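Colleague: no sequence on this one, just coordinates:
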Ligand code: DX5
Ligand code: ZN
């Protein structure tokens, strides 16, 4: 499968949001990555349902919703109603993760779990078969434009190994500090979905930046 690109709306121009949504619609991107932050789970507040609903009105590609919030179970139905295709919750925010994964599926969404940089991949061993995607954070969540954490490569390989034979359709998504300098190596390690905010929206031509990320070819055999 060719890898997917999920531009992070967090880095968009919120005063001209429709322009950026249209740009992603036109581009070679696959999903819209939508970061929801509550100021409790992470030290930042992004936006909520009114903005999600505005994006959903114009987005012509699936909404990849990344919930950086405590008690995500309370809002799953609403996120679905506002257009979420994937709902990704944080391992560190879910006391009853197994139940939450089932609840995401029950509302009709693809179920994802995100891991903070300090959380070992092995924490997912009991639920790996139930997941549609795992999001490996390659920065500490909360802000765009941070520096990529190099330890991410080995976590991707460990996740690949954990899922092998148990869940071969699992998508491995990586989020934070991704740019043309590290994307090739991330793909070689086994990444299926690249999230990028700053690298796309601070580029002179964001549509070209998406193209460049999408057109990276991974000639080496995946480990
Ligand atoms: C960080 C968010 C990311 C962020 C990525 O907490 O989850 O999705 O927007 O932005 P860049 O690519 O700028 O690190
Ligand atoms: Zn994100």
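Modeller: In hand now; what should we look at? Predicted, not measured: the structure shown is a model, and the values here were computed from it. Numbers count the residues shown, from 1 in each chain. Ligands and ions are numbered 1, 2, ... in the order given.
Colleague: List the buried residues of stretch 114-123.
Modeller: Of the residues in stretch 114-123, those buried by neighbour count under the rule 16 or more other C-beta atoms under 10 Å are 114-116, 119, 121. To be clear about C-beta, it is placed using only N, CA and C from the backbone, and glycine gets the same treatment.
Colleague: who in this protein is up against ligand 2?
Modeller: Where proximity means C-beta under 5 Å from the ion, the interface of the chain facing ligand 2 comprises 35, 66, 175.
Colleague: hmm, back to that, keep only those of the buried residues of stretch 114-123 that are in strands.
Modeller: Within the buried residues of stretch 114-123, residues falling in strands by DSSP state E are 114-115.
Colleague: Contacts for the helix or strand where residue 17 lies, please.
Modeller: If you go by DSSP states H and E, residue 17 is part of helix 17-26. Judged by C-beta atoms under 8 Å, 6 or more residues apart in numbering, the contacts made with helix 17-26 from elsewhere in the structure are 7, 9, 12-13, 32, 51, 54-55, 58-61, 201, 206-207, 210.
Colleague: what does stretch 101-119 give?
Modeller: The contact list for stretch 101-119 (C-beta under 8 Å, 6+ apart) reads 66, 68, 73, 76-77, 79-80, 84-92, 94, 97, 121, 123-124, 127, 130-141, 149, 151-152, 155, 173, 175.
Colleague: same thing but 7 Å
Modeller: With contacts defined as C-beta atoms under 7 Å, 6 or more residues apart in numbering, stretch 101-119 is touched by 66, 73, 76-77, 80, 84-92, 97, 121, 124, 127, 130-137, 140-141, 149, 151.
Colleague: What parts of this structure come near ligand 1?
Modeller: When proximity is defined as C-beta under 6 Å from any ligand atom, the chain approaches ligand 1 at 8, 10-11, 33, 35, 66, 139, 141-146, 175-178, 195-199.
Colleague: In this protein, what residue spans correspond to helices?
Modeller: For the chain, applying DSSP state H gives helices covering 17-26, 49-58, 76-81, 97-106, 152-163, 180-189, 198-201, 206-214.
Colleague: Just put the ones you listed in TSV and tack on mean pLDDT.
Modeller: Shown next, in TSV, are these (pLDDT from 0 to 100):
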stretch	mean pLDDT
helix 17-26	98
helix 49-58	98
helix 76-81	98
helix 97-106	98
helix 152-163	98
helix 180-189	98
helix 198-201	98
helix 206-214	98
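Colleague: winner for burial among those helices?
Modeller: Mean neighbour count, computed with mean count of other C-beta atoms under 10 Å, is highest for helix 198-201 among the helices of the chain, reaching a mean of 23.
Colleague: For that helix, name the packing helices and strands.
Modeller: Using 3 or more C-beta pairs under 7 Å, 6 or more residues apart in numbering; DSSP states H and E as the contact criterion, the secondary-structure elements in contact with helix 198-201 are helix 206-214.
Colleague: Distance of the residue of the chain at minimum distance from ligand 2 relative to residue 125?
Modeller: Closest residue of the chain to ligand 2, C-beta to the ion: residue 66 (3.7 Å). When C-beta to C-beta, to the nearest Å is the yardstick, residue 66 and residue 125 sit 22 Å from each other.
Colleague: So these two - more neighbours on which side?
Modeller: Set residue 66 next to residue 125 and count neighbours by other C-beta atoms under 10 Å: residue 66 wins out with 27 against 12.
Colleague: how many neighbours does residue 109 have?
Modeller: Counted with other C-beta under 10 Å, the burial measure for residue 109 works out to 21 neighbours.
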